[in-house]
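> Provided below for reference: sequence and predicted model.
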Amino acid sequence: MAKDDDFEPRLGRIRSNAPKDRYLSGVLRGVARTTGTTKRKGVQFDGSRIGRGSGTGRILKSRDRFGAFRGRRVVIQARVIRLKASGLNAARMHLRYLQRDGVTREGLAGELYDAKNDRAEGREFLERGEGDRHQFRFIVSAEDGASYDDLKPVTRRLMEQMEKDLGTRLDWVAVDHWNTGHPHTHVVVRGKDDRGEDLVIAREYIAHGMRERAVEIVSLDLGLRTDREIENRLRQEIDQERLTSIDRELLRDRDENGLVNAAGRDSFRTAVRIGRLQKLERLGLAEETAPGTWRLDGGMERALRDLGERGDIIKTIHREMKAKGLERSFESYAVQGDTASPVVGRVVSRGLADELKDRYYLIVDGVDGCAHYVDIGEADRDEPAREGTVVAVQPRETGPRRADRVIAEIAGHHDGTYSADLHRDHDPRARAGYIEAHVRRLEDLRRAGVVERHADGNWFIPPDYLKRVGELEARRSRAAPVIIETIARTPPNHQARVVAATWLDRELVGDSQLPVRDTGFGREVTAALQQRRQWLIEQGLAREEQGQTVYRARLLAELRRRELTRAGTALMGELGAPYAEAKSGERIDGIYRRHIDLESGRFAVIEKSREFTLVPWRPVLQRAVNKPVSGIMRDETISWTFGRQRGGPSIS
């Protein structure tokens with residue numbers, strides 16, 4: 001029974017029957033008019049002032065620009081990480097990477113520290129953060145950071161000031177890195193305040209307040225920039241092909257038509273602006289419409305940022321190639337996207353493209369004579385491509401695959417159901433391996449939550465299947481934009497005389513030849529191919545006829561068989577069982593123990609009751625270590641299946 005003093009307040013005018021949201025919308029419109037944020041299609045709330053430190057952030061943001069111009073420059077990058085199950089693992093890997101070798105001045109491993117200790121335990125920090133909803137990551141980089149002997153006091157003062165601004169103690173660890181041109185500090189902050197509640201920091205403070213506090217500390221230590229320092233910095237910016245402070249000033253001063261006056265506060269500033277505008281004109285980003293008046297291109301900011309990023313990438317390629325003694329001309333350096341075809345070549349180095357987002361890059365010395373920079377995202381986090389291996393890198397598909405369209409077509413004719421039998425009835429000419437590839441695709445999509453499998457082994461395909469697949473592939477391409485295939489684990493000159501089915505053999509007998517140029521790594525490959533051709537002739541596996549090389553039928557299978565026999569013989573003593581060769585069409589039943597890497601590729605060690613065999617390895621086997629597996633050998637591959645099929649239990 002309701003009490004007399006129980007009531008529910010209703011927003012709006014007295015006795016008005018108008019919907020609640022109409023009154024609320026009116027309030028928001030009034031606030032928008034007051035703050036000057038009115039938009040034609042309504043008010044959009046950005047949430048920048050929600051959280052701790054919003055007032056401090058606004059005050060620091062509104063400081064006098066001219067006074068702040070003399071402050072020492074500090075760049076701060078920030079990211080908020082959601083700590084789900086995968087996020088905890090990513091946080092652990094992030095701390096491990098921050099403490100990698102070669103980041104200190106002496107080239108040693110980085111060490112974590114916190115507010116009180118010069119050595120902090122990352123494991124303890126992560127244990128305290130178990131159950132946290134999120135985590136903050138910051139990179140603090142002072143332009144004059146090299147002037148400090150130690151960055152720890154600067155970081156501690158900054159974090160202490162942040163605690164005052166945010167009104168709470170912060171649980172954090174940090175690592176100083178000296179392995180780049182600008183020393184910087186990585187700071188990881190727990191997403192909890194001193195009361196154990198979720199820590200929410202206002203975006204205005206992260207975007208402006210934190211940087212201004214860092215500028216205060218560095219400027220207090222090193223002094224404000226002098227007129228000469230400021231002038232020298234501006235002179236250097238005139239010809240730079242990136243977004244500069246001069247460009248930001250020009251963008252602020254342009255009118256609604258994109259026009260800007262070259263005149264500055266004084267004669268020096270005017271000369272600087274004119275020099276920069278002339279540089280922008282040569283880049284096609286500005287045009288002088290009248291004496292002293294210029295029109296800026298609408299995409300100028302984006303274009304300059306892209307130019308700056310490209311310049312940084314070229315410097316990275318040059319640094320890595322020079323460190324390995326492979327220095328080339330800048331014309332041979334290629335950024336991902338410069339060529340549409342897949343990149344095939346030797347891995348020169350692997351590094352972190354974005355230390356905040358854990359995105360990696362590869363420098364690949366291609367067979368086309370170019371050194372390629374490839375943004376691989378998280379593509380090889382589980383099994384990184386090692387330096388010296390030969391890889392093929394190609395962009396990941398961002399939409400439904402051909403197999404997905406076939407699955408959708410078959411399911412469309414059978415009320416949303418797909419199975420191997422239905423596929424066989426739909427296309428009687430389809431080979432078993434082709435159908436099994438579709439089943440493997442569906443198993444991958446089942447783990448991603450796109451499709452479901454019934455107890456009878458049939459698959460339920462939702463009506464919006466292709467849309468779901470497209471969204472899944474788009475998400476995957478953002479995390480891992482490329483597919484990396486290791487095609488050789490040893491250099492070409494080592495493969496020239498080895499008894500195995502090598503990458504060189506596949507190139508010699510293949511229908512299509514790689515576009516190998518006689519320069520750089522391409523020259524090494526060309527020489528190795530010639531040596532391999534001669535070795536095959538010496539071994540009776542090829543012959544010369546009328547100026548052409550004729551290779552023995554099933555050459556690759558014969559070379560692979562010879563290597564497997566040798567590897568199997570070597571393993572007999574270790575496993576205490578005889579080696580049995582796996583033949584095409586044979587059913588393989590046994591325990592998967594591990595994999596071995598050979599010149600012919602990666603193979604799985606399968607133990608049977610009285611013997612063992614070696615079969616081609618597939619990534620899906622990684623989840624079945626020391627478990628029973630079953631499959632059918634088909635030429636150069638083996639088909640594994642999951643779950644209970646008509647023939648009994650099997651696993652892949």
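Looks like it arrived, so ask away.
> helix or strand right after the longest helix along the chain?
If you go by DSSP state H, the chain has its longest helix at helix 300-323. Later in the chain than helix 300-323, the nearest helix or strand by DSSP states H and E is strand 333-335.
> Touching that next one from outside, list them.
Arg310, Ile313, Ile314, Ile317, His318, Gly366, Cys370, Ala371, His372, Tyr373 (C-beta atoms under 8 Å, 6 or more residues apart in numbering). In this view, the C-beta of every residue, glycine as well, is placed from N, C-alpha and C.
> Please name the residues that touch the most centrally placed residue in the chain.
Centroid check for the chain by C-alpha atoms, centre = their mean gives Gly377 as the closest residue, at 1.4 Å. Applying C-beta under 8 Å, 6+ apart to Gly377 gives the contacts Arg359, Tyr360, Arg478, Ala479, Ala480, Pro481, Val482.
> Next, count neighbours for the third one.
In this case it means Arg478. Residues lying near Arg478 (other C-beta atoms under 10 Å) number 12.
> Repeat that for the fourth one.
For Ala479, the number of neighbouring residues by other C-beta under 10 Å comes to 14.
> Quick check, it in contact with Asp375.
No - the criterion here is C-beta atoms under 8 Å, and Ala479 misses it with Asp375 at 11.6 Å.
> Identify the residues contacting the longest helix of the chain?
240-244, 247, 251, 280, 283, 285-286, 297, 327-328, 330, 333, 335, 348-349, 351, 361, 363, 365, 371, 373.
> picking up where we left off before, select from the contacts of Gly377 the one having the most neighbours.
Ranking the contacts of Gly377 using other C-beta under 10 Å puts Tyr360 first, with 21 neighbours.
> Next, give phi and psi for that residue.
Main-chain torsions, Tyr360, degrees, to the nearest 10: phi -110, psi 160.
> Likewise for Leu243?
Per-residue torsions, Leu243: phi -80, psi 120 (degrees, to the nearest 10).
> what do you get for Arg543?
When read as degrees, to the nearest 10, the backbone of Arg543 gives phi -150, psi 160.
> and it, what are its bridge partners?
Val550 (DSSP bridges).
> Settle this for me: Val94 is touching Arg137, isn't it.
Let me fix one detail, which is that residue 94 is His and not Val. Yes - judged on C-beta under 8 Å, His94 makes contact with Arg137 at a distance of 7.4 Å.
> shared neighbours, the two?
Val188.
> list the buried ones in the longest helix of the chain?
Buried residues in helix 300-323, counted by 16 or more other C-beta atoms under 10 Å: Met300, Ala303, Leu304, Leu307, Arg310, Ile313, Ile314, Thr316, Ile317, His318, Glu320, Met321.
> Need the mean per-residue confidence for that helix.
On average, the pLDDT along helix 300-323 is 91.
> now stretch 575-585
On average, stretch 575-585 scores 90.
> What are the buried residues along that stretch?
Buried, per 16+ other C-beta under 10 Å, within stretch 575-585: Tyr579, Ala582.
> start to end distance for it?
Its first and final residues considered, stretch 575-585 spans 25 Å by C-alpha to C-alpha, to the nearest Å.
> quick check, distance from it to the centre of its chain.
The gap between where stretch 575-585 is centred and where its chain is centred comes out at 40 Å by C-alpha atoms, centre = their mean, to the nearest Å.
> quick one: contacts of that stretch?
561, 564-565, 568-569, 571-572, 588, 605, 607-608, 610-615, 632-635, 638.
> could you redo the last one with a cut-off of 7 Å?
Stretch 575-585 is contacted by residues 564, 568-569, 571-572, 588, 607, 610-615, 633-635 when judged by C-beta atoms under 7 Å, 6 or more residues apart in numbering.
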